[in-house]
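K.L.:
I'll drop the sequence and a predicted model, then ask my questions.
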2 protein chains.
Amino acid sequence: MPEYKAPVRDMRFVLHELLNLDEHYANLGLEEVNGELIDAFLEEGAKFSANELAPLNRSGDEEGCHFDNGVVTTPKGFKEAYAKYVEGGWPAMGGHVEYGGQGLPSSAGIAISEMTGSANWSWSMYPGLSHGAVATIEEHGTPEQKDTYLPKLISGEWTGTMCLTEPHCGSDLGILKSKAEPQADGSYAISGTKIFISAGEHDMADNIIHIVLARLPGAPAGTKGISLFIVPKFLVNADGSLGERNGVACGSIEHKMGIKASATCVMNFDGAKGYLIGPENKGLNAMFTFMNFARLGTAIQGVAHAEIGFQGGLAYARDRLAMRALSGPKNPDGPADPIIVHPDVRRMLLTAKAFAEGGRALVYFTAQLGDVVQKAKSEEERKEADGLMALLTPIAKAFLTEAGLEAANHGVQIYGGHGFIREWGMEQNVRDARISTLYEGTTGIQALDLLGRKVLQTQGAALRNWTKIIHKFCQTNVDNQGMQEFVEPLTRLNKEWGDLTMSIGTQAMQNIENVGAASVDYLMYSGYITLAYFWAAMADVAQRKLAEGTSEEDFYKAKIATARFYFKRILPRTAGHKGAIEGGLDCLMELDEAHFAF
Amino acid sequence: MPEYKAPVRDMRFVLHELLNLDEHYANLGLEEVNGELIDAFLEEGAKFSANELAPLNRSGDEEGCHFDNGVVTTPKGFKEAYAKYVEGGWPAMGGHVEYGGQGLPSSAGIAISEMTGSANWSWSMYPGLSHGAVATIEEHGTPEQKDTYLPKLISGEWTGTMCLTEPHCGSDLGILKSKAEPQADGSYAISGTKIFISAGEHDMADNIIHIVLARLPGAPAGTKGISLFIVPKFLVNADGSLGERNGVACGSIEHKMGIKASATCVMNFDGAKGYLIGPENKGLNAMFTFMNFARLGTAIQGVAHAEIGFQGGLAYARDRLAMRALSGPKNPDGPADPIIVHPDVRRMLLTAKAFAEGGRALVYFTAQLGDVVQKAKSEEERKEADGLMALLTPIAKAFLTEAGLEAANHGVQIYGGHGFIREWGMEQNVRDARISTLYEGTTGIQALDLLGRKVLQTQGAALRNWTKIIHKFCQTNVDNQGMQEFVEPLTRLNKEWGDLTMSIGTQAMQNIENVGAASVDYLMYSGYITLAYFWAAMADVAQRKLAEGTSEEDFYKAKIATARFYFKRILPRTAGHKGAIEGGLDCLMELDEAHFAF
């Protein structure tokens, strides 16, 4: 596989030409963030990703993390790359200015996250996990907590974690058991076992700040009895220096299918000193404040693996000679034709390309919504953006990670048997991608969130806000001859989406289990239509650029060709998902649990 | 993951109740093969698989094969298990009687292959690969070659390989470069490098007999200049004892995504002594004689991984407690409900179950066709079975391995984050499954074989023979009230299949590249309809058993419920594939190779 090259031209297309970032930031009163600044980030980020991170991707996978008596050592070069990342000031991009951050809106770093993640997903998880801790402390911490922890978390000298999962519960946090006993000094003694803690222990930073979910004595059962605590690996002295080691230790690291260079830790809290953050028993609410950002962070992983599947597949498809085109030799002087002449190889390449570029548009757009939620001047704008982000986030997270996994598999498939061999790197892309549909809420959990909470619990209002935007786009282009191939199917499906939702809603009123029966097919169906909107919108931009006249004709024509491919070859999948949804609930529930196997 | 338990009851259902094996063998004049004998095999095979092979599956994956200076050592326990397999007489089931085999038709061992493969696919490849060598020598060898090699290959004392692929060519064997120079003694000096040679070198058997594709001096270019040679690792003396080491050596073994306990070897032939088998320059034709069997062997892998995904997923879904059913607690005394109460978990389980059981029916049926091809009394029967087998084999190979990979992924998904952890075994199932859509001809190659060679080159005759069988089944059940839910959609799709094929054929006459554009979606479409036929046929059997009265009501009702699930929730995918096919060729070819990325 060739080294990763960040698709800077395409990122600029999405940020500037599709999403008009200058206008977006100006509307939010963020004139200091502009295209020039973002472009400078893109150039530097592309270099850092290609030069520092991509070269460590396969070696990190081969070496993995080492665990020895509570100490975790990351693969060769990881620590040094992280030091350069901190030195470059990258971790501080989004942090509050008063704690040393650059105060940039969260969308400003989205392309950088994509680049570092595409180059080396395992590595990118170490700084990535800090975001949750920073956001939690920024939002819910006392002034003292902020002063103590934020500056070094924002600079990257320290890293953070989120400690949610326990051996017996992941998605069902209501049954978690970790305990917090109040101490005389106002702190709490935290005890319990947390698992699947990414970056829970490592050798990159001087201190690790854990945000831990635990129960106070006598707390209500279920999700309403969970509180949040700050538990540092090393206690912090009043002068900011590191004090004694806290009672939290890594018990082991997991042996996993992929992201092997990311340390996935079992963390044992044994009366560790913790500090309550936010109100008692409201810990889960506090978590929701950054849940959308964390999920969007995982949506990026879908884009990243699709991009790698595409880039790797393309290089091989141009290089590998096998068979002749059915219509006759295209490389008559060679022993065979490059496999990119074969329609089915192109189908796989274009699928990966359509998911990567379409997913990029969806993720970056959703990140802009996040800016609006955080920075908009009017409450109305904030509320609208919040509703839309709430709807699009589970789609982006689950649909794009499923699409990324599919694209990663196409990358392997294009290589034939060679795709199965480790040295080519394509199989690692599949193994690394495989986690993305599982963590931060599985596809099934996202689908319940989308259909149950976001769509049906709002009586369809959140969905209507989105289909109205699509409808308006279609209306605007109703007389645009060049856009008919996109506008017609999109108009039809946009309406069908509403009808199908109504029908599911009616059934759910009779039996709520219909929600679970429809959910994953509904999420995929929604994802295909949502991506179709972004592809149509991108085709529209490209057609306008071509009409205006441009020196980059090939780029814009390729955009339109990819949109066409998406509409003709990918979007028909909606029919399969619609049919499956209409297959209903009964056939899922009929079989008694005891009779699944004999 | 629980240890593998062979689904003997389901295998008996397919073999006896669906496929009437006694009648099948009697029709072929093979009265010595009967239900009692096959049932005895099933019992013994289930024990061997569960007791000897399954326990080595994960340890074999963790340890992998060792390579040291040309010597390959298989993981701990593999050699001993193979010795027991030979001692039990298993390798000899299908071999010719005059060379020590039991002379059983190839279908007799199909369930055993499924069991050993499900328990431990890597292990099963060592004996599995011998079949190709045995079949080639049985079919094309001289009496002397048969006497020299067959007895020990059939007993399992020696194993065999097929050496086709070279670094620059896999599917495109026409450009292979290995050379065979005639020697004064009538043998040939074979030189060249072969890659991806499964079981090319190992420590299980005293000798390894390679069947090698190479070119004679002055041979025509392309596929018409390829000859077949027998190249033993150790030359065999006139008295049958092992002589000197031949000039063939393992240069290295591949580091792979999965099937890590199966040695995938680079084999260097350095003037190795080889013996021509079959006529000069007709090597590729000779290969085709057993190609269908090898591909059917890989189709079994799809069933095996689907079965493991299902068994593992079911055990966890019954055991793991998380969330409450949307309609209220089903396990009110526990902290949460077992996840099998959730419709979406059931959807994943039932998908895996439907692929495993439906795939079993398709594979065993196709294996019976293989018996007819080999043993039928009339040329007409042979010809008809041969045509049908030629049509169904690429469907079975490609569709079932794609389905097996999907089911293996459902197995992981049901486990949530735990599915990604090696100790549970579910991620290994995905890694091991991943090779199955690549080797023995990728899904793309199978799809071209199906649509190009089997369907269009016969002017649809081969397809019509199959759709007629489906049509006849539907007609027979046209007044059977209980079968309408299956017969109606099957009738409709069976007709649609013909129409869609006609339409592709028409387009292919205008531009042959339309074949490649439609091929993979066409293959998947064909697979879903073919499996629908088998599910309808199984539901029919089950309904008759229930009507007759049975002590196994639950078993037959589960069969019908699974058929219903398949028709309602899986079969609608045909609409997506049909839509994609109708999306056509142009959108695949429009983009210039240079403009895929900027």
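P.N.:
Received, thanks.

K.L.:
From here on, just use CA atoms for contacts and neighbour counts.
P.N.:
OK.

K.L.:
which bits of the stretch 251-400 of chain A sit near chain B?
P.N.:
Proximity of the stretch 251-400 of chain A to chain B is confined to A:254-258, A:314, A:318, A:321-323, A:325-327, A:335, A:340, A:342-344, A:346-347, A:350 under the rule C-alpha under 8 Å from any C-alpha of the partner chain.

K.L.:
Could I get the buried residue list for the worst-scoring helix or strand of chain A on mean pLDDT?
P.N.:
Least confident helix or strand of chain A, by mean pLDDT, DSSP states H and E, is helix A:283-319 with a mean of 92. For helix A:283-319, burial by neighbour count (16 or more other C-alpha atoms under 10 Å in any protein chain shown) applies to A:283-287, A:290, A:292-314, A:316-317.

K.L.:
that older thread, filter the residues of the stretch 251-400 of chain A next to chain B down to just the buried residues.
P.N.:
Using 16+ other C-alpha under 10 Å, the buried members of these are A:254-258, A:314, A:321-323, A:325-326, A:340, A:342-344, A:346-347, A:350.

K.L.:
Now the one residue in the stretch 251-400 of chain A that gets nearest to chain B: closest residue in space, sequence neighbours ignored.
P.N.:
Proximity of the stretch 251-400 of chain A to chain B (C-alpha to the nearest C-alpha) peaks at A:Lys256, 4.5 Å away. Leaving out its chain neighbours, the residue that sits closest to A:Lys256 by C-alpha to C-alpha, 6 or more residues apart in numbering or on different chains is B:Ile421, at 4.5 Å.

K.L.:
What number of residues are in the vicinity of A:Ala547?
P.N.:
For A:Ala547, the neighbour count with other C-alpha atoms under 10 Å in any protein chain shown is 9.

K.L.:
now it: how far from A:Glu144?
P.N.:
A:Ala547 is 58 Å from A:Glu144, where distance means C-alpha to C-alpha, to the nearest Å.

K.L.:
Equivalent analysis for A:Arg347, please.
P.N.:
56 Å.

K.L.:
so who does A:Gly132 touch?
P.N.:
A:Gly160, A:Thr161, A:Met162, A:Phe290, A:Ala294 (C-alpha atoms under 8 Å, 6 or more residues apart in numbering or on different chains).

K.L.:
rerun at 10 Å
P.N.:
By C-alpha atoms under 10 Å, 6 or more residues apart in numbering or on different chains, A:Gly132 lies in contact with A:Glu138, A:Gly160, A:Thr161, A:Met162, A:Ile211, A:Met287, A:Thr289, A:Phe290, A:Met291, A:Phe293, A:Ala294.

K.L.:
Just the element for it, please.
P.N.:
Counting by DSSP states H and E, the element that carries A:Gly132 is helix A:121-140.

K.L.:
Pull out the buried residues from that helix.
P.N.:
For helix A:121-140, the neighbour count (16+ other C-alpha under 10 Å) marks A:121-138, A:140 as buried.

K.L.:
and what of stretch A:590-597?
P.N.:
Neighbour counts over stretch A:590-597 (16+ other C-alpha under 10 Å) mark A:Leu591, A:Phe596 as buried.

K.L.:
distance between it and the chain's centre?
P.N.:
On the basis of C-alpha atoms, centre = their mean, to the nearest Å, stretch A:590-597 sits 36 Å off its chain's mean C-alpha point.

K.L.:
Is it in proximity to chain B?
P.N.:
Yes. Contact of stretch A:590-597 with chain B (C-alpha under 10 Å from any C-alpha of the partner chain) involves A:Glu590, A:Leu591, A:Asp592, A:Glu593, A:Ala594, A:His595, A:Phe596, A:Ala597.

K.L.:
Alpha carbons only: can I get that stretch in CSV?
P.N.:
The C-alpha coordinates for stretch A:590-597 follow below in CSV (Å, rounded to 0.1, in the frame of the first residue of the first chain):
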residue,chain,number,x,y,z
GLU,A,590,-41.9,-15.9,16.3
LEU,A,591,-39.1,-18.2,17.2
ASP,A,592,-38.9,-19.2,20.9
GLU,A,593,-35.5,-18.6,22.4
ALA,A,594,-35.2,-22.3,23.1
HIS,A,595,-35.8,-23.3,19.5
PHE,A,596,-33.0,-21.3,17.7
ALA,A,597,-30.9,-24.5,17.6
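
K.L.:
Name the residues that touch that stretch?
P.N.:
The contact list for stretch A:590-597 (C-alpha under 10 Å, 6+ apart) reads B:7, B:9-10, B:310-311, B:314, B:317-318, B:340-341, B:346, B:349-350, B:353, B:554-562, B:564-565.

K.L.:
Take the residues you listed and keep only those in helices.
P.N.:
Residues of the contacts of stretch A:590-597 located in helices (DSSP state H): B:9-10, B:310-311, B:314, B:317-318, B:346, B:349-350, B:353, B:554-562, B:564-565.

K.L.:
Wait, A:Leu28 touches A:Leu104, no?
P.N.:
No. Using C-alpha atoms under 10 Å, A:Leu28 is not in contact with A:Leu104; the gap is 11.8 Å.

K.L.:
any residues in contact with both of these two?
P.N.:
A:Asp371.

K.L.:
coming back round to it: would you format the contacts of A:Gly132 as JSON lines with distance to B:Arg453 included?
P.N.:
Converted to JSON lines, the contacts of A:Gly132 look like this (distance: C-alpha to C-alpha, whole Å):
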{"residue": "A:Glu138", "distance to B:Arg453": "65"}
{"residue": "A:Gly160", "distance to B:Arg453": "59"}
{"residue": "A:Thr161", "distance to B:Arg453": "57"}
{"residue": "A:Met162", "distance to B:Arg453": "56"}
{"residue": "A:Ile211", "distance to B:Arg453": "61"}
{"residue": "A:Met287", "distance to B:Arg453": "58"}
{"residue": "A:Thr289", "distance to B:Arg453": "58"}
{"residue": "A:Phe290", "distance to B:Arg453": "55"}
{"residue": "A:Met291", "distance to B:Arg453": "52"}
{"residue": "A:Phe293", "distance to B:Arg453": "51"}
{"residue": "A:Ala294", "distance to B:Arg453": "50"}
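
K.L.:
Chain A next: which of the ones in helices among the contacts of stretch A:590-597 are close?
P.N.:
B:9-10, B:310-311, B:314, B:317-318, B:346, B:349-350, B:353, B:554-562, B:564-565.

K.L.:
Tell me which residues touch whatever residue of the stretch 51-200 of chain A ends up closest to chain B, please.
P.N.:
Nearest residue of the stretch 51-200 of chain A to chain B: A:Asp172, at 5.5 Å (C-alpha to the nearest C-alpha). By C-alpha under 10 Å, 6+ apart, the residues touching A:Asp172 are A:Thr165, A:Glu166, A:Gly222, A:Thr223, B:Leu321, B:Ala322, B:Met323, B:Arg324, B:Ala336.

K.L.:
Tell me, what's the model's pLDDT at the second one?
P.N.:
Same thing as A:Glu166. As predicted, A:Glu166 sits at a pLDDT of 97.

K.L.:
Would you map the strands across the stretch 1-150 of chain A?
P.N.:
For the stretch 1-150 of chain A, the strands defined by DSSP state E, counting those that start in this stretch cover A:66-68, A:71-73.

K.L.:
Which strand residues bridge A:Tyr275?
P.N.:
For A:Tyr275, the beta-bridge partners under DSSP bridges are A:Ile230.

K.L.:
what sits against it?
P.N.:
Contacts of A:Tyr275 by C-alpha under 10 Å, 6+ apart are A:141, A:145, A:180, A:182, A:186-190, A:211-212, A:228-232.

K.L.:
rerun at 8 Å
P.N.:
A:Gly186, A:Ser187, A:Tyr188, A:Phe229, A:Ile230, A:Val231.

K.L.:
Including pLDDT, could the residues you listed go into CSV?
P.N.:
Shown next, in CSV, are those (pLDDT from 0 to 100):
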residue, pLDDT
A:Gly186, 97
A:Ser187, 98
A:Tyr188, 98
A:Phe229, 98
A:Ile230, 98
A:Val231, 98
